[in-house]
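>>> Attaching a predicted model along with its sequence, questions to come.
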Amino acid sequence: MSKPKKKIRYKDLIPIGPPRLTAFEKARIIGVRAIQIDYGARPFIKVDRPMSSLEIAEREVKEGVLPLSIKRKLPFKEDFEPIPLKWLIEAEKEDSIVEL
């Protein structure tokens, strides 16, 4: 018999900072990604209707398809490993799910 898989809790994988993207991180990622799209980078999502580069970047972040990591650090402390963007998005979803 196989053991049931243990569900990954993304909140437990994040070593520093809040278990979600901060407003500053989200704004930076969306802004930089929108500029990349303006300069000809291909979107990581299917664009089925006319959308601005900003809308495309927002959807990419929301869907967690960008292959990016966030580097967080504290002053006068050792460096922490980069946190994959996907983990932060999934951890935020975990906070919104309420089990009864």
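Nice, I can see it.
>>> any weak-confidence spans in the chain?
Regions of the chain meeting the criterion pLDDT under 70 cover residues 1-6, 97-100.
>>> Which helix in it has the most residues?
Counting by DSSP state H, the longest helix found in the chain is helix 23-38.
>>> what helices or strands is that one leaning on?
Helix 23-38 sits against helix 53-63, with contacts defined as 3 or more CB pairs under 8 Å, 6 or more residues apart in numbering; DSSP states H and E. Using the backbone N, CA and C atoms, a C-beta is placed for each residue, glycine as well.
>>> just how off-centre is the helix it packs on within its chain?
Between the centre of helix 53-63 and the centre of its chain there are 11 Å (CA atoms, centre = their mean, to the nearest Å).
>>> Which neighbouring elements make contact with the next helix-or-strand element following it?
With elements assigned by DSSP states H and E, the helix or strand that comes after helix 53-63 is strand 69-70. Applying 3+ CB pairs under 8 Å, 6+ apart, we find strand 69-70 packed against strand 83-84, helix 85-96.
>>> can you put the ones you listed in CSV and add mean neighbour count and distance to R72?
Output for the helices and strands packed on strand 69-70, formatted as CSV (neighbours: other CB atoms under 10 Å; distance: least, CB to CB, whole Å):
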stretch, mean neighbour count, distance to R72
strand 83-84, 20, 7
helix 85-96, 17, 10
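>>> Thanks a lot, see you next time.
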